[in-house]
Structure formats: structure tokens, C-alpha cells
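Asks: Provided below are the primary sequence and the corresponding predicted coordinates.
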Amino acid sequence: MIDYLVYLLTIVGIWGILSLSLNLQYGITGLVNLGHIAFFMLGAYISTILVMVVGTGYVVGFIGGMLAAAAFGALIALPTAHLQQDYWAISTLAAAEIVRLIFKNETIGGTYQGGPYGFSGIPQPLKDSLSSEAFGWFYLGLTAVLVAAALVALMWLLRMPFGRVLKAMREGDEVPLALGKNVGNLRIRAMALGGAVAGLAGALYAHFNAFIDPTYFLPLETFLVWAMVILGGAGNYVGALVGALIVQAIYNSTRFVAGVVPLDADTVGSLRMIVIGVLIILVIHYMPRGLVPERSRRYAGTAKKTEGREHVRTSPSQG
């Protein structure tokens, strides 16, 4: 059970980083990205190719995966930056499928490597120097550090002028345009930044799982990331992590249900998607802002206090 919990928390952390990246694009900026799993896939594949085929170090592999995902985000946003939301969503879904089909049909690194075979035996940092149990704890710690780093960086960004402009874009293009901001350029930067964070999650996943193939990155996986953001609360980074915890706990709990419920393994596996879907419906109906809703800044109280101080300063009793 301890080994399972270590595994579950590691997976929650990896997918938590992925949900943080979608929260930046959708929850903060308002970009409906239906192909988000492509960033995850690029991070996983590019890091694997760099470390396993080219022979670089893990740090280079991780950075390469992040840069490739960021470049892809900017690339798909360049021709679509001025599209309306529904057309934008369709174009991102199509772009993600193009990437998946390319990796599915291209063999890289020799016979039975890449393409439909995927990559097996992906190198894992310190795997040869640690026992299986110690490696699990090590990777959990590494994931926790990167989750914390991503969370702090994104929350810091949100307090910067760039982050405030992204939030203004979420409400419509009129406000940033009135302020002289280039909306298309901002969308490209948001897609690239979110892609880089998702690429980090993909690299983490590849070197933790030690095997990847194109079937791991179907559109269904994008649905899971969206479920995390919607359940947790779009626009709230902590909520995105809470959503990742809930969805992955449900998704990985069927192994215990199979021995209790008189159903075959395939049916029990399908039930987890039903449970997640029902949960989304309930949250949208009763808690439309999510389990951990975004905090709204209110300036009315501050304004009243300022007016009160000004009144005290100008009152006759002050001379």
C-alpha cells in the first residue's frame, strides 16, 4: 500500500503540473485548448529521444522537452491567434492529432523503437544506484520539488503586469485592445508558456514510466486534464492541483474495486470515466466555479477606507 501511495502521489504531481499549464491557458487567459495532450507528448518524446537516442543528460532532455512543447505552442498559435474561440478549439485539437500521428508513423532510434512500438527501457535518473523502493521516494521528491517550482513561478507571473493582462483577455479582447495591447502576441506567449510547463510534465512522466507510445496521448487524456481544471476551479492554481488529486485518485482506484464488484476488469475500467463524468456534472451544477474557486480581488472596501481617511484629514476637528 505504501508503494502504491508513493506511485499515486507521483502521478498526481506529474498530472498536477499538466493541469497547472492548462489552467494558465484556459483558467487565466481563456484559451480553449482541446489539444493540450500534444504538449505533454512532445515533452515526453523529445526528452526520451535526447536522453536515450542522442545520449544527452537528463537536464538537457527535460529542457529540450520544454522548449519543443513551447515552440509547438507558439507555432499553432501563430496562424490561429486571431480566430474566435470555437475555431481556436478545433484547430488545437487538429494540431494535437497531427503530432500524435507523426510520432506514431515515424520510427526513431532503430528497429522496434519509436513509431507504433513506442519507446521501452527509457533511462531513469539514479535507477541503477537505488533500490526500487528508494527510487520511488526519490522520484516523488523530485516531482514534488518541480510541482512547487511550477506553482510558485505561475503564481508570481499572475501578479506581474503580464499576468494581469492575460486575465483581462479572459473577459474579452476589448479591454486589452483599449489599452493598446497586442492580443495575438499575448495569446502566442500564453500558449508557449503553458506548453513549456506541460512539456516538463511530459518529460517527468516518460522517465518515471520508462515506456511511452502514441496510445498514451489520445484526446481522452486531454479530457482528463480538463476534468482536473473544471473540478478544481478554473483560474485557481491550487484548485488545479486539487482537481488532479481527485481525478487521478478515481482513475487509479479501479484496481481495488475489481476484486469487490462482480464485473470484469474492462467494465470496471470504464466505470471510472463514468464516475469522473458524473462528478463533473454535479460540480458544474452545484459549484460552477469549482471546488476551490478563484478568489476575486475587491477594491470597493479599500476605496471606502481611503475615503474615510481623507474625511478624517479634512474634518474640522483636525484643524
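Replies: Structure received.

Asks: can you give me the strands in the chain?
Replies: Here the chain has its strands, by DSSP state E, at 119-120, 211-212.

Asks: wait, which of those is closest to Val147?
Replies: Across the strands of the chain, Val147 has its closest neighbour in strand 211-212 (20.5 Å, CB to CB). C-beta coordinates here come from the backbone N, C-alpha and C atoms, glycine included.

Asks: helices and strands around the closest one, which ones?
Replies: Using 3 or more CB pairs under 8 Å, 6 or more residues apart in numbering; DSSP states H and E as the contact test, the elements touching strand 211-212 are helix 37-48, strand 119-120.

Asks: pLDDT of the shortest one, averaged?
Replies: Read it as strand 119-120. Strand 119-120 comes out with an average pLDDT of 88.

Asks: circling back to that earlier point, just say which of the helices and strands packed on strand 211-212 is most tucked in.
Replies: For the helices and strands packed on strand 211-212, the largest average neighbour count (mean count of other CB atoms under 10 Å) is found in helix 37-48, namely a mean of 30.

Asks: using PDB, list the CA coordinates for that one.
Replies: Extracted C-alpha coordinates of helix 37-48, given in PDB (Å, rounded to 0.1, in the frame of the first residue of the first chain):
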ATOM      1  CA  ILE A  37      -2.100  16.500 -24.500                       C
ATOM      2  CA  ALA A  38       0.200  17.300 -27.500                       C
ATOM      3  CA  PHE A  39       2.500  19.400 -25.200                       C
ATOM      4  CA  PHE A  40       2.700  16.500 -22.800                       C
ATOM      5  CA  MET A  41       3.500  14.200 -25.600                       C
ATOM      6  CA  LEU A  42       6.200  16.400 -27.000                       C
ATOM      7  CA  GLY A  43       7.900  16.800 -23.600                       C
ATOM      8  CA  ALA A  44       7.900  13.000 -23.200                       C
ATOM      9  CA  TYR A  45       9.100  12.100 -26.700                       C
ATOM     10  CA  ILE A  46      11.700  14.800 -27.100                       C
ATOM     11  CA  SER A  47      13.200  14.200 -23.700                       C
ATOM     12  CA  THR A  48      13.300  10.500 -24.400                       C
END
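
Asks: off-centre distance for it?
Replies: Distance of helix 37-48 from its chain centroid, counting by CA atoms, centre = their mean, to the nearest Å, is 12 Å.

Asks: residues contacting that helix, please?
Replies: Helix 37-48 has contacts (CB atoms under 8 Å, 6 or more residues apart in numbering) with 18, 21, 61-62, 64-66, 68-69, 72-73, 95-96, 99-100, 103, 119, 122, 194-195, 198-203, 205-207, 212, 214, 216-219, 221-222, 225.

Asks: now which of these would you call buried?
Replies: Among the contacts of helix 37-48, those classed as buried by 16 or more other CB atoms under 10 Å are 18, 21, 61-62, 64-66, 68-69, 72-73, 95-96, 99-100, 103, 119, 122, 194-195, 198-203, 205-207, 212, 214, 216-217, 221-222, 225.

Asks: show me the residues you listed that map onto helices.
Replies: The helices, defined by DSSP state H, take in 18, 21, 61-62, 64-66, 68-69, 72-73, 95-96, 99-100, 103, 194-195, 198-203, 205-207, 221-222, 225 from the buried ones among the contacts of helix 37-48.

Asks: gap between the nearest residue to Ala71 once chain neighbours are set aside and Glu174?
Replies: In this structure, Ala71 finds its nearest non-sequential neighbour in Ala192, 7.3 Å apart by CB to CB, 6 or more residues apart in numbering. Relative to Glu174, Ala192 is positioned 24 Å away (CB to CB, to the nearest Å).

Asks: more neighbours: which of the two?
Replies: Just comparing Ala192 and Glu174: by other CB atoms under 10 Å the higher neighbour count belongs to Ala192, 20 against 11.

Asks: circling back: among the helices and strands packed on strand 211-212, which comes closest to Val283?
Replies: Nearest to Val283 among the helices and strands packed on strand 211-212 is helix 37-48 (21.8 Å), distances taken as CB to CB.

Asks: for the closest one, what is the average pLDDT?
Replies: Averaged across helix 37-48, pLDDT comes to 94.

Asks: contacting residues around the residue lying closest to Ile108 once chain neighbours are set aside?
Replies: Distances taken as CB to CB, 6+ apart place Gly114 nearest to Ile108, at 3.6 Å, with adjacent residues excluded. Residues in contact with Gly114, defined by CB under 8 Å, 6+ apart, are Phe103, Glu106, Thr107, Ile108.
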